[in-house]
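>>> Here you go, sequence then predicted model.
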Amino acid sequence: MMVLVDTPVWSLALRRRREDLSQREQELRSTLEKLVSQGNVALLGAIRQELLSGIREERQFLKLRDTLRAFRDAELRVEDYEEAARLGNVCRGRGVSGSPIDFLICAVSILRRWPVLTVDQDFARYAKHIPVQLMEIG
């Protein structure tokens with residue numbers, strides 16, 4: 001089963017030292033490492049871009065870029081973008097706002113039946129209104 005890994009999970013695993021992580025964050029990192037070793041990680045280009053943005057040192061940027069190159073981006077289709085817009089409309093109509101990238105993640109997750117591994121609480125709010133599946137840890 002593929003799992004769509006969101007930006008904050010990648011960030012804590014790739015941009016923070018293990019000793020600086022809380023117990024929960026270490027569990028998330030271990031879950032990600034297990035998914036990677038099993039070849040069950042899906043990545044979107046937008047998530048790749050978010051991860052690489054804001055890195056001041058070129059050396060760090062290149063190191064992270066090279067690490068992420070081990071993961072192919074999921075190929076997106078017109079339907080993914082259309083569904084992302086629809087999901088955003090549904091949520092906004094119910095008073096829940098979110099970013100276009102979040103709704104693209106939700107659309108890909110729903111259309112491919114891939115759970116999302118995230119620590120972003122916005123996704124729990126979305127899940128109350130749309131059928132996005134979140135991966136449980138622990």
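It's in.

>>> check contacts around Leu35.
Taking CB atoms under 8 Å, 6 or more residues apart in numbering, we find Leu35 in contact with 3, 5, 41, 117. The C-beta positions use only the backbone N, C-alpha and C, and glycine is treated the same way.

>>> let's see it at 6 Å
3, 41 (CB atoms under 6 Å, 6 or more residues apart in numbering).

>>> Now do it against Trp10, distance only.
According to CB to CB, to the nearest Å, Leu35 and Trp10 sit 11 Å apart.

>>> Kindly report the same for Asp122.
16 Å.

>>> same deal with Val116?
12 Å.

>>> quick one: Ala74 and Ala42 touch, right?
Yes - Ala74 is within contact range of Ala42, at 4.9 Å (criterion: CB atoms under 6 Å).

>>> List of residues touching whichever strand or helix holds Glu83?
When elements are assigned from DSSP states H and E, Glu83 belongs to helix 78-93. Contact with helix 78-93 is made by 103-104, 106-108, 111, 126, 129-130, as judged by CB under 6 Å, 6+ apart.

>>> make it 8 Å
Against helix 78-93 from outside (CB under 8 Å, 6+ apart): 97-98, 100, 103-104, 106-108, 110-111, 125-126, 129-130, 132.

>>> Please work out the average pLDDT along it.
Helix 78-93 comes out with an average pLDDT of 98.

>>> which parts of it are buried?
Under the neighbour-count criterion of 16 or more other CB atoms under 10 Å, helix 78-93 has 80, 83-84, 87-88, 91 buried.

>>> got the CA positions of that helix in PDB?
What follows is helix 78-93, C-alpha atoms only, in PDB (Å, rounded to 0.1, in the frame of the first residue of the first chain):
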ATOM      1  CA  VAL A  78      -6.300  16.500 -14.900                       C
ATOM      2  CA  GLU A  79      -8.800  14.700 -12.700                       C
ATOM      3  CA  ASP A  80      -6.500  15.200  -9.700                       C
ATOM      4  CA  TYR A  81      -6.600  19.000 -10.100                       C
ATOM      5  CA  GLU A  82     -10.300  19.000 -10.800                       C
ATOM      6  CA  GLU A  83     -11.000  16.900  -7.700                       C
ATOM      7  CA  ALA A  84      -8.700  19.200  -5.600                       C
ATOM      8  CA  ALA A  85     -10.800  22.200  -6.600                       C
ATOM      9  CA  ARG A  86     -14.000  20.300  -5.800                       C
ATOM     10  CA  LEU A  87     -12.800  19.200  -2.400                       C
ATOM     11  CA  GLY A  88     -11.700  22.800  -1.600                       C
ATOM     12  CA  ASN A  89     -15.100  24.000  -2.600                       C
ATOM     13  CA  VAL A  90     -16.800  21.400  -0.300                       C
ATOM     14  CA  CYS A  91     -14.700  22.300   2.600                       C
ATOM     15  CA  ARG A  92     -15.000  26.100   2.100                       C
ATOM     16  CA  GLY A  93     -18.700  25.600   1.900                       C
END
